[in-house]
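Student: Next comes the sequence, and after it the predicted model I'd like to discuss.
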Amino acid sequence: MSVFKEYKKVRDFLVCIDSDGCAMDTMDCKHFHCFGPCMVDEWELGEWREPILDYWNQVNLYTMTRGINRFLALGKVLMHVNGNYRDIPQIKELAAWTENAKELSNTSVKAAYERSGLEIFKKALSWSEAVNTAITELSDDLKKPFEGATEGVKAAHGCADVAIVSSANYEAVKEEWEKFGLMDSVDICLTQNEGSKAYCIGRMLEAGYDPEHVLMVGDAPGDKAAAEKNGVLYYPILVKKEAESWRRFAQEALPKFLDGSYKSEYQDQVIREFLENLS
């Protein structure tokens, strides 16, 4: 039975929370030390290491593509490498798969390799597994919640059901949230294995929530798009202003969400601030 079929709605409100770069201060270190470097190693790009890593970080951290799925980022960056540094065999096939696959995960990329026999899918799986290993080896000092996030998550769980909705690896998310006692305030953990964020929110709505009683908390345009696709509300955690954003969530946004005054003017305001912060 799927996690969605097992899930039971308890309260009338649902708060969905992204993990990396939103609740957990793990996004920068994972990209600096794991995602980009593992790609450089897997495709032997050391000759152009610095500019390629800089491009990886621009795609994943500091622009409107912040927070995209790891395989979407891989396809985008390898296309850039192919056009600017050296040929990447079968990159068009990988890029097409990332744009069209229902699920983007280790399981699905392995299936793509078994189905097609294309070496690039095998390499993408090898890269992704290396990333997961590298993440487990990061110093614990680099993996912790943002200031105010613990209080924000607990405040949400005091009045709403809470779902982690993340495109990250399940084991890493679960370990990080458990370490800091955050899983005690979570009702369901949805990661890349369940599908895209938009898909996961849509499936959660099937539990019986009114879309206006569902709030997605995220730090990236993809989180906003996932909320909009499902007609639910969105609250942004601003890059480099995370502590301030979490305090505002607990003190201002959450009460407005619960009393029905969040939608329209207030949401428009926080989204404007979000887009300006990434522009």
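Tutor: Cool, got the structure.

Student: and residue 263, how many neighbours does it have?
Tutor: Residue 263: 12 surrounding residues under other Cβ atoms under 10 Å. The way it works is simple: take the backbone N, C-alpha and C, and place the C-beta from them, glycine included.

Student: I'd assumed it was in a helix, is it?
Tutor: No: looking at residue 263 with DSSP: H, G, I helix; E, B strand; the rest coil, it is coil, so not inside a helix.

Student: Got phi/psi on it?
Tutor: Main-chain torsions, residue 263, degrees, to the nearest 10: phi -60, psi 160.

Student: Pretty sure it sits against residue 234.
Tutor: No: the criterion here is Cβ atoms under 8 Å, and residue 263 misses it with residue 234 at 10.3 Å.

Student: Let me see the mean pLDDT of the strand or helix carrying residue 96.
Tutor: Using DSSP states H and E, residue 96 sits within helix 91-100. Per-residue pLDDT over helix 91-100 has a mean of 96.

Student: quick check: angle from the next helix or strand after it to helix 91-100?
Tutor: Downstream of helix 91-100, the first helix or strand assigned by DSSP H and E is helix 106-116. Calculated by axes from the mean of the first three to the mean of the last three Cα atoms, to 10 degrees, helix 106-116 forms an angle of 130 degrees with helix 91-100.

Student: what comes up buried for whichever helix or strand comes after helix 106-116?
Tutor: Heading C-terminal from helix 106-116, the first helix or strand you meet, by DSSP H and E, is helix 119-136. Residues of helix 119-136 classed as buried: 120-125, 127-128, 130-132, 134-135 (neighbour count, 16 or more other Cβ atoms under 10 Å).

Student: now do stretch 191-198
Tutor: So for stretch 191-198, counting by 16+ other Cβ under 10 Å, buried means 191, 192, 194, 195, 196, 197, 198.
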